[in-house]
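[1] got a sequence here, can you build the structure:
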Amino acid sequence: MNEYDSGKMADVLRAYEGMEQTDAPEEADVILFNTCSVREKAQEKVFSDLGRMRPLKMANPNLLIGVGGCVASQEGGTIVKRAPYVDMVFGPQTLHRLPQLLAARRTSGQPQVDISFPEIEKFDHLPQPQATAGSALVSIMEGCSKYCSFCVVPYTRGEEVSRPFVDVLREVQSLLAQGVVEITLLGQNVNAWCGAMEDGENGDFAFLVQALATLEGLQRLRFMTSHPKEMSSRLIATYASTPKLSSHLHLPVQSGSDRILAAMKRGYTALEYKSIIRKLRAVRPDIMLTSDFIIGFPGETERDFEATLALAAEVDFDAAYSFIYSPRPGTPAANMPDEVPAEVKAERLQRLQNRVTAQAQVHAQNLLGSVQKVLVERASRKDTQEWAGRLDNSRIVNFTGTPDMAGQMVDVKITEVWAYTLRGECVAC
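    Numbering: from 1, shown residues only. Here you go, the predicted model:
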């Protein structure tokens, strides 16, 4: 989602201000930070990075510095107080107002702050999407209404709001017409999409997936990130009826302990989560599963953690994003007593990561010698003959290729494997 938003910021400034991106901050007229507040480390890094921009501002008073994203929503005008050289503060839902914020800053000479939640307005004001590769991101909803006790997202991105079906359809059709072959649908809880239809009713996510899969030119469809509560029977059945739907699902579980899941307000038990996985594998046996885990949530005991390890082993995840719990201001969990020592949290995190890495190694070994359909994404920075592409199950493979392959689907035989890296040979090159 952050990658998508960053791209849209660049699109808006290109369309309305005639600006182009530069990798050299000292050459820039505008410097924007797109921020994340999911973890404390990411939030503090914002102010560290802002500090490095201060000398540029002093050398060039006309330079405009903006802070967007979730930290902007959470901190608002406090950012300007802490870093007075910041000119604009805007939230994820107001990034489309960047041209107006720039104009107001230039005219008034005063910092501009807009962290409102105008629901779906931004999608009506964003420029038409421009494809630059064979794959593209399409945001279909904003916000989250789950209010997990540890999570700041509902407060920084607002409640769940779905884009109308026709709007999503038109954006996808536009991208396919430009040569895109793979679409990734985005949302904080993407499978909670319930966009308005032309008949006045609301469609569900399973319908959207099935409808998009019928479009000519689309070869592969992905989505992220999902919530277990929204993995409906209709959506699970879609994996059986829709070959274009990727054989990869990122489904955050966070913990394997029912006691901790209840404290997190996740709305499901470990058994219910595993039931979803069994149903998915019944209709798509080769599906690769990845997940999120929070380690050291307030009150987590060794027994709770062992339940998490057991779930990770039973589900047999291919990869996982796992982090030590980070209290976020304004969330219920931030007020819970946390008596788990830091060294215990670190040790538990390492044990979980070792478990998942061992599983990933086995999954990789199972791919050895197989021929996989790969979407060629990018050339190596070190060797222009080396290319990287993504398998249907979302793993990356490196192989020798040519520039004309970029954005194309090619068959690659997997010749070497490591836990998270693959090596292959193009079959018909």
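
[2] residue ranges in the stretch 301-429 of the chain under the pLDDT threshold?
    Within the stretch 301-429 of the chain, not a single segment meets pLDDT under 70.

[3] and the strands in the stretch 251-400 of the chain, which stretches?
    288-295, 319-324, 371-379, 386-391, 396-400 (DSSP state E, counting those that start in this stretch).

[4] sheet partners, orientation included, of the fourth one?
    For strand 386-391, the pairing partners within the sheet under DSSP bridges are strand 371-379 (antiparallel), strand 396-400 (antiparallel).

[5] re the thing from before, can you put the strands of the stretch 251-400 of the chain in CSV and add mean neighbour count and distance to residue 139?
    In this view, the C-beta of every residue, glycine as well, is placed from N, C-alpha and C. Formatted as CSV, these follow (neighbours: other CB atoms under 10 Å; distance: least, CB to CB, whole Å):
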stretch, mean neighbour count, distance to residue 139
strand 288-295, 22, 20
strand 319-324, 18, 20
strand 371-379, 19, 20
strand 386-391, 21, 20
strand 396-400, 19, 23
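
[6] got these as CSV, with distance to residue 111 columns?
    Output for these, formatted as CSV (distance: least, CB to CB, whole Å):
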stretch, distance to residue 111
strand 288-295, 35
strand 319-324, 33
strand 371-379, 37
strand 386-391, 41
strand 396-400, 41
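
[7] which among the ones you listed is found nearest to residue 332?
    strand 288-295 (14.2 Å; CB to CB).

[8] the closest one vs strand 386-391, what angle?
    In terms of direction (axes from the mean of the first three to the mean of the last three CA atoms, to 10 degrees), strand 288-295 departs from strand 386-391 by 90 degrees.

[9] what helices or strands is strand 288-295 leaning on?
    strand 248-250, helix 302-315, strand 319-324, helix 342-367 (3 or more CB pairs under 8 Å, 6 or more residues apart in numbering; DSSP states H and E).

[10] cutoff 6 Å now
    strand 248-250, strand 319-324, helix 342-367 (3 or more CB pairs under 6 Å, 6 or more residues apart in numbering; DSSP states H and E).

[11] ok, back up a step: next, format the strands paired with strand 386-391 as a markdown table and append distance to residue 60.
    As requested, the strands paired with strand 386-391 are exported to a markdown table (distance: least, CB to CB, whole Å):
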| stretch | distance to residue 60 |
| --- | --- |
| strand 371-379 | 33 |
| strand 396-400 | 39 |
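
[12] out of those, which comes closest to residue 327?
    Once the strands paired with strand 386-391 are compared by CB to CB, strand 396-400 is nearest, at 33.4 Å.

[13] not counting its own residues, what contacts stretch 241-261?
    213, 220-222, 224-226, 239, 264, 269-270, 273, 284, 286-292, 294, 297, 300, 304, 307-308, 311, 392-394 (CB atoms under 6 Å, 6 or more residues apart in numbering).

[14] what's the burial count for residue 99?
    By other CB atoms under 10 Å, the residues close to residue 99 number 14.

[15] before we move on, what SS does it have?
    helix (DSSP: H, G, I helix; E, B strand; the rest coil).

[16] please tell me how far the closest residue to it other than its chain neighbours sits from residue 93.
    Once flanking residues are discounted, residue 99 sits nearest to residue 16: 4.1 Å by CB to CB, 6 or more residues apart in numbering. Using CB to CB, to the nearest Å, we find residue 16 at a distance of 18 Å from residue 93.

[17] higher neighbour count, those two?
    residue 93 (25 against 16).

[18] how far away is the closest residue to that one other than its chain neighbours from residue 142?
    If you skip the residues right next to it in sequence, residue 93 has residue 117 as its closest partner in space, 5.2 Å away by CB to CB, 6+ apart. Computed with CB to CB, the distance linking residue 117 and residue 142 is 9 Å.

[19] next up, the contacts around residue 327.
    residue 334.

[20] can you map out the strands along the stretch 1-150 of the chain?
    30-35, 64-69, 88-90, 112-114, 135-139, 141-142.

[21] now do the next helix-or-strand element following the last one: distance to the chain's middle.
    Read in the C-terminal direction, the helix or strand following strand 141-142 is helix 153-157, with elements assigned using DSSP states H and E. Shown here is helix 153-157, whose average C-alpha point lies 15 Å from the average C-alpha point of the whole chain (CA atoms, centre = their mean, to the nearest Å).
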